[in-house]
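Student: I'd like to go over a predicted model; first the sequence, then the structure.
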Amino acid sequence: MKVLVYEGVETLALRDVERPVPANGEQLVRVQSVGICGSDMHAYLGHDDRRPAPLILGHEAAGVVEEGTWKGRRVTINPLVTCGACHYCNSGRENLCPERQIISMPPRGGAFAQFVSIPRQNLIEVPDGVPLEKAALCEPLAVSWHSATLALESAHPDMRRRALVIGGGAIGLAAALALKAMGVEDVEVIEPNPLRREFLSERCGMRGEKAPQRTAPIVIDAVGYGVTRASATNWVEPGGVIVHVGLGDSADGLDIRRMTLQEITLIGSYTYTAKSFSDTASALFDGRLGPLDWFEIRALSEGAKAFEDIHAGRVATPKIVLDPWG
């Protein structure tokens, strides 16, 4: 099968390898669409020790089951594989399972490939009317759905229904869409790239701003650099909530003194629970997250160029989806 392999810093290559043999209870999925995630970009730039070269990246995928009990079904993939037996799994917090694995991180290869093996419980069937390239967005949407859920659960019940989202990429846009689907109508997306701001406004119906017009009780940092953490603590209102979902770097940035004096809550948000993923899929399928037409499709053979374009800031769309058969 054809795969896109991360071979070293800023180096990707198309290779032929044997297709995976499903383990007991797993399904072999013929991947039809797979998105490029920010974490894939971190690995590509050599910033993620959890993803050492050589490695097949990619975890935002949808396809058709080729082998297994669900053979022939159209599916979207929850790439987070957990033990199913620990305290966290039994309490509905599977994302904190100490034995968790994720495809695109050893020991599991990723979905920049024509086939991937995954447990059946990690699959959600996709209705016939939903294109698989759109279904591949379920994973990044679930990351943001989970962060929006945490924000609203932690916010004071008397807060104004207003939020700022830092970052206009896929996770930031998805967070804004999730907040709106949950009843927060006043949402601004803060994005420095003018091409992306224009795209957010014209194609996504979002208010993309270079800087916020005013503070908000909820701030979601979908970038995760020291400078964005500093901005988050400046822009959140007293008694408000910051949800930190980006993994840009581990530099300083939080104004701990202000957070203490103003009783500002900081929440780290990592991936999603099984319920968050399922809830996101339902919202995607029934249209609550909008048309979701903010991606472009490229062939897997053009994957290396897609990474170069993203890194150079030449991509206005929040998401590039690769076709492993193109």
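Tutor: Looks like it came in fine. Note that the structure is predicted; figures quoted are calculated from it, not measured. Numbering: from 1, shown residues only.
Student: Helix, strand, or coil at residue 310?
Tutor: Three-state call for residue 310 (DSSP: H, G, I helix; E, B strand; the rest coil): helix.
Student: right, and it touches residue 41 too?
Tutor: Yes - using C-beta atoms under 8 Å, residue 310 makes contact with residue 41 at a distance of 6.2 Å. Every C-beta, even on glycine, is put in place using the N, C-alpha and C of the backbone.
Student: out of the two, which sits in the more crowded spot?
Tutor: Neighbour tally, residue 310 and residue 41, criterion other C-beta atoms under 10 Å: the higher count belongs to residue 310, 19 against 16.
Student: Now for the more buried one: which residues touch it?
Tutor: Contact partners of residue 310, counting by C-beta atoms under 8 Å, 6 or more residues apart in numbering, are 36, 41, 320.
Student: Pick out whichever of those sits closest to residue 80.
Tutor: Each of the contacts of residue 310 was scored against residue 80 by C-beta to C-beta, and residue 36 proved nearest at 18.1 Å.
Student: my guess is the closest one meets residue 304, correct?
Tutor: No - judged on C-beta under 8 Å, residue 36 makes no contact with residue 304 at a distance of 11.1 Å.
Student: the more surrounded of those two?
Tutor: The neighbour comparison of residue 36 against residue 304 (other C-beta under 10 Å) goes to residue 36, with 26 against 17.
Student: can you tell me the helix or strand for the residue lying closest to the more buried one once chain neighbours are set aside?
Tutor: Closest residue in space to residue 36, ignoring its immediate chain neighbours: residue 320 at 4.9 Å, by C-beta to C-beta, 6 or more residues apart in numbering. Taking DSSP states H and E as the criterion, residue 320 maps to strand 319-323.
Student: quick one: strands adjacent to that strand?
Tutor: According to DSSP bridges, strand 319-323 forms sheet pairs with strand 26-35 (antiparallel), strand 295-299 (parallel).
Student: For residue 18, which of these is the nearest?
Tutor: For those, proximity to residue 18 was assessed by C-beta to C-beta; strand 26-35 is nearest, at 12.3 Å.
Student: Quick one: distance of the helix or strand following that closest one to the chain centre.
Tutor: Where DSSP H and E defines the elements, the next helix or strand beyond strand 26-35 is helix 38-44. Its chain's C-alpha centre and that of helix 38-44 lie 12 Å apart, by C-alpha atoms, centre = their mean, to the nearest Å.
Student: Name the residues of helix 38-44 that come out as buried.
Tutor: 38-44 (16 or more other C-beta atoms under 10 Å).
Student: who touches residue 189 in this structure?
Tutor: Counting by C-beta under 8 Å, 6+ apart, residue 189 touches 165, 167-168, 172-173, 176, 200, 206-209.
Student: circling back: which one of the strands paired with strand 319-323 is the most hemmed in?
Tutor: Of all those, strand 26-35 has the most neighbours on average by mean count of other C-beta atoms under 10 Å, namely a mean of 24.
Student: Going by residue numbers, what spans are helices in the stretch 201-326 of the chain?
Tutor: Ranges of helices in the stretch 201-326 of the chain, per DSSP state H, counting those that start in this stretch, are 226-235, 256-261, 274-285, 303-311.
Student: Output the ones you listed in a markdown table; the columns should cover distance to residue 120 and mean pLDDT.
Tutor: Converted to a markdown table, these look like this (distance: least, C-beta to C-beta, whole Å; pLDDT from 0 to 100):
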| stretch | distance to residue 120 | mean pLDDT |
| --- | --- | --- |
| helix 226-235 | 38 | 96 |
| helix 256-261 | 43 | 95 |
| helix 274-285 | 13 | 97 |
| helix 303-311 | 28 | 96 |
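Student: Quick check, central residue of the chain?
Tutor: Nearest residue to the geometric centre of the chain (C-alpha atoms, centre = their mean): residue 140, 2.5 Å.
Student: related to what we said a few turns ago, among the buried residues of helix 38-44, which one lies nearest to residue 74?
Tutor: residue 40 (23.7 Å).
Student: Look up the closest residue to the closest one, ignoring the ones flanking it.
Tutor: Leaving aside its chain neighbours, residue 40 sits nearest to residue 57 (4.6 Å; criterion: C-beta to C-beta, 6+ apart).
Student: That neighbour is in contact with residue 106, isn't it?
Tutor: No - assessed by C-beta under 8 Å, residue 57 is found out of contact with residue 106, at 11.5 Å.
Student: So these two - more neighbours on which side?
Tutor: More crowded of residue 57 and residue 106, by other C-beta under 10 Å: residue 57, with 30 against 11.
Student: what's the distance between the more buried one and residue 304?
Tutor: Using C-beta to C-beta, to the nearest Å, one gets 12 Å for the distance from residue 57 to residue 304.
Student: shared neighbours of the two, anything?
Tutor: Common neighbours of residue 57 and residue 304 (C-beta under 8 Å, 6+ apart) are residue 4.
Student: Residue 215 contacts residue 237, doesn't it?
Tutor: Yes - with contact defined as C-beta under 8 Å, residue 215 reaches residue 237; the gap is 4.8 Å.
Student: Which helix or strand lies directly C-terminal to the longest helix anywhere in the chain?
Tutor: The longest helix of the chain (DSSP state H) is helix 138-154. Downstream of helix 138-154, the first helix or strand assigned by DSSP H and E is strand 162-166.
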